[in-house]
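Trainee: Okay, predicted coordinates and the sequence, questions at the end:
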Amino acid sequence: MLPQEPIEPTPDDNADTAGTSPAGAPPEDVAHPRRIRSFVRRAGRTSIGQQRAIDELGPRFMLPYAPGPLDIAATFGRTAPTILEIGCGMGETTAHIAQLRPQDDFLGCEVHEPGVGALLKQIGERGLGNVRIFQHDAVEVVAHMLTEQSLDGVHIFFPDPWHKKRHNKRRLVQPPLIKLLATRLKTGGYIHCATDWEEYAHQMVEVLRGEPALENTSSAADGFAERPDYRPVTKFERRGVRLGHGVWDVVFRKK
């Protein structure tokens with residue numbers, strides 16, 4: 001997901017989530033209607049081009065949510081390493097990586113329709129065949145549709161930092177979700193997180209270090225990794241760097 005201003009919860013959103021379990025709840029809590037979510041559904045405008053991409057390419061590249069195991073090989077028509085991306089934003093990074101790594105297949109989760117349309121438009125323009133999209137809550141997709149040891153990697157790029165302390169509980173990267181993702185990874189599979197919010201970056205390292213099934217790929221004392229070549233520098237990231245903002249990558253591997 002591309003960097004963005006943190007979104008303040010609406011009064012209704014607060015009422016629906018007060019006193020519930022944290023984002024990234026384990027499978028038995030995922031379906032609970034009062035689970036705190038790490039996102040707010042925006043009412044952003046879908047452009048004509050994005051809507052056309054949804055209408056024309058959606059039937060082929062969008063996957064319906066259904067609480068049952070996804071046959072990944074049948075979905076892509078081949079057996080290949082499979083990477084899950086949680087929060088595709090406007091799809092530029094997802095499409096770039098998918099084009100750079102044609103030998104891999106990518107499952108993207110994005111709840112916002114303009115982002116889904118933008119990614120589908122990129123798929124059409126780049127002629128990509130190795131991307132499929134869920135327009136659904138990624139936590140529920142992981143818990144109910146992805147089987148254990150079915151993934152070779154997970155990408156979580158620039159999730160909403162929920163920068164106010166009282167909203168930290170809404171952050172996506174929390175121990176229950178990381179524990180769940182670790183069960184879905186094959187041995188040697190990786191989780192790659194990136195953020196431009198330093199305090200959240202340190203939390204990411206702490207949370208991933210706390211999962212016994214994972215090990216840090218970086219030997220640096222602070223736990224941060226060099227940006228892998230496959231992750232492009234977005235225009236938002238370049239602007240942030242010009243303004244003196246940092247960007248931190250965290251890459252852990254399943255033992």
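Mentor: Great, that's in hand. In this text, all values refer to a predicted model and were calculated from it rather than measured experimentally.

Trainee: For the rest of this, base every contact and every neighbour count on C-alpha atoms.
Mentor: Noted.

Trainee: Strand partners (parallel or antiparallel) of the lengthiest strand in the chain?
Mentor: The longest strand of the chain (DSSP state E) is strand 185-195. Pairing partners of strand 185-195, with direction, according to DSSP bridges: strand 151-157 (parallel), strand 248-254 (antiparallel).

Trainee: Rounded mean pLDDT for it, please.
Mentor: Across strand 185-195, the average pLDDT comes to 98.

Trainee: Okay, angle between whatever helix or strand comes next after that strand and strand 248-254 too, please.
Mentor: Next helix or strand after strand 185-195 toward the C-terminus (DSSP states H and E): helix 198-209. Counting by axes from the mean of the first three to the mean of the last three C-alpha atoms, to 10 degrees, helix 198-209 lies at 10 degrees to strand 248-254.

Trainee: and after helix 198-209, which helix or strand comes next?
Mentor: Downstream of helix 198-209 (by DSSP H and E), the next one is strand 214-216.

Trainee: That next one - contacts with which helices or strands?
Mentor: helix 198-209, strand 248-254 (3 or more C-alpha pairs under 8 Å, 6 or more residues apart in numbering; DSSP states H and E).

Trainee: try 6 Å
Mentor: strand 248-254 (3 or more C-alpha pairs under 6 Å, 6 or more residues apart in numbering; DSSP states H and E).

Trainee: and the strand it packs on, C-alpha only, in CSV?
Mentor: The C-alpha trace of strand 248-254 is given here as CSV (Å, rounded to 0.1, in the frame of the first residue of the first chain):
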residue,chain,number,x,y,z
TRP,A,248,12.7,1.1,6.6
ASP,A,249,12.5,-2.5,5.2
VAL,A,250,12.1,-5.5,7.5
VAL,A,251,12.6,-9.0,6.0
PHE,A,252,12.2,-12.2,8.0
ARG,A,253,12.3,-15.8,6.8
LYS,A,254,10.6,-18.9,8.1
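
Trainee: contact partners of it?
Mentor: Under the contact criterion C-alpha atoms under 6 Å, 6 or more residues apart in numbering, strand 248-254 has outside partners 187-195, 213-217, 224-225, 227.

Trainee: Show me how far it is from its chain's centre.
Mentor: Averaging C-alpha positions (C-alpha atoms, centre = their mean, to the nearest Å) puts strand 248-254 14 Å from its chain's average.

Trainee: Write the PyMOL selection for whichever of the contacts of strand 248-254 are buried.
Mentor: Per 16 or more other C-alpha atoms under 10 Å, the buried members of the contacts of strand 248-254 correspond to this PyMOL selection:
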select buried, resi 187+189+190+191+192+193+194+195+213+214+215+216+217+224+225+227
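
Trainee: follow-up on the earlier one: which one of the strands paired with strand 185-195 lies nearest to Ala80?
Mentor: Ala80 lies closest, by C-alpha to C-alpha, to one member of the strands paired with strand 185-195: strand 151-157, at 9.3 Å.

Trainee: tell me the mean pLDDT for the closest one?
Mentor: On average, the pLDDT along strand 151-157 is 98.

Trainee: What's the separation between Val205 and Asp222?
Mentor: 8 Å (C-alpha to C-alpha, to the nearest Å).

Trainee: Out of those two, name the residue with the larger neighbour count.
Mentor: In terms of neighbours (other C-alpha atoms under 10 Å), Val205 is the more surrounded of Val205 and Asp222; the figures are 20 against 9.

Trainee: quick one: that one from Asn168, how far?
Mentor: Distance, Val205 to Asn168, by C-alpha to C-alpha: 15 Å.

Trainee: Arg101 too?
Mentor: Relative to Asn168, and taking C-alpha to C-alpha, Arg101 is found at 34 Å.

Trainee: quick one: which of the two has more around it?
Mentor: Each of Arg101 and Asn168 has its neighbours counted (other C-alpha under 10 Å); Asn168 has more, 16 against 13.
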